[in-house]
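Colleague: Take a look and give me a structure for this.
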Amino acid sequence: MTLFTMLLVLAAERLFKLGEHWQLDHRLEVLFRRVKRYSMFRTLLMTVLAMLVTFLILRALQGLFFNVPLLVVWILIGVLCIGAGKVRLHYHAYLKAAARNDSHAHNAMANELTLIHGVPPGCSEREFLRELQNALVWINFRFYLAPLFWFIVGAYWGPVLLAGYAFLRAWQSWLARYQTPNERQQSGIDAILHVLDWVPVRLAGVVYALVGHGEKALPAWFASLGDGHTSQYQVLTRLAQFSLAREPHMDKVGTPKAAVSMAKKTSLVLVVVVALLTIYGTLI
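Modeller: Predicted coordinates for the structure are as follows:
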């Protein structure tokens, strides 16, 4: 059921999820605007409540009408939680603006793509494009690889873990866009996601090392296994940059495309691995 649902969700995401309508992050903004105080406890409480609601819905539907309603809810949760939605529109808008040398438009879209971690002030063109690559690698991880990881490891209750992770991702994005860095820090969201992302970042990193130019990436990956302090963003993007070392770094269009191409290969590897595990009976 996991593989079947995952394939349907990915197909649906590619076909019609091109905006905010089917994005959980957008749907939760009404709730987030009501929050006036920020703390790690409040963040964890909201996440647990989101997971509890998901669990109760799945529990109520289990066994009804040959589990057809349950499958529909699995797919719905997957579509809402997996996929970049509006971010994909920002990426394509950036490519169009860069192709016609519209610096104002392509900088605006680049700012949207680098919202979470930003770009160092005063950086060179090459450094800017490298940071844009890093942002695109992280977007692929945050909206595809990590959600799929929690969906898969959760087995029968995969949608519960997926909903919890997507809730935290949405909360972090909303705080980064609308609140101050101090309020974001008070919420504890970065510390929580740092812990949750540790394993999926290492799994994604080894795939980057294998599908790219891994002669430098693999040693760096082994070193990351004992590193619990470096941010997961830095760990993953450093491994990705080793794999992207031979790709263009001065082309406004080619540089981000190289990162997206690498990210797509990584996602394909994940699908293949899940398919093989399902065939051999390891996954449901």
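
Colleague: If you count contacts, what does the strand or helix carrying residue 90 end up packed against?
Modeller: Assigned by DSSP states H and E, residue 90 belongs to helix 86-99. When contacts are defined as 3 or more C-beta pairs under 8 Å, 6 or more residues apart in numbering; DSSP states H and E, helix 86-99 packs onto helix 103-113, helix 254-279. Heads up, the C-betas are built off the backbone N, CA and C, glycines and all.

Colleague: now the helices for the stretch 1-150 of the chain?
Modeller: According to DSSP state H, counting those that start in this stretch, the stretch 1-150 of the chain carries its helices in the segments 2-16, 24-27, 29-32, 40-61, 68-81, 86-99, 103-113, 125-140, 146-153.

Colleague: about what we covered before: mind giving me TSV with the helices and strands packed on helix 86-99 and columns for mean neighbour count, mean pLDDT and distance to residue 153?
Modeller: Listed next are the helices and strands packed on helix 86-99 as TSV, based on neighbours: other C-beta atoms under 10 Å; pLDDT from 0 to 100; distance: least, C-beta to C-beta, whole Å:
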stretch	mean neighbour count	mean pLDDT	distance to residue 153
helix 103-113	16	78	28
helix 254-279	17	82	11
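
Colleague: Report the distance from the helix holding residue 90 to the chain centre.
Modeller: Per C-alpha atoms, centre = their mean, to the nearest Å, the displacement of helix 86-99 from the mean C-alpha position of its chain is 18 Å.

Colleague: What's the mean pLDDT across it?
Modeller: Computed over helix 86-99, the mean pLDDT rounds to 83.

Colleague: Now residue 278. Nearest residue, chain neighbours left out?
Modeller: Distances taken as C-beta to C-beta, 6 or more residues apart in numbering put residue 3 closest to residue 278, at 4.4 Å, once the chain neighbours are dropped.
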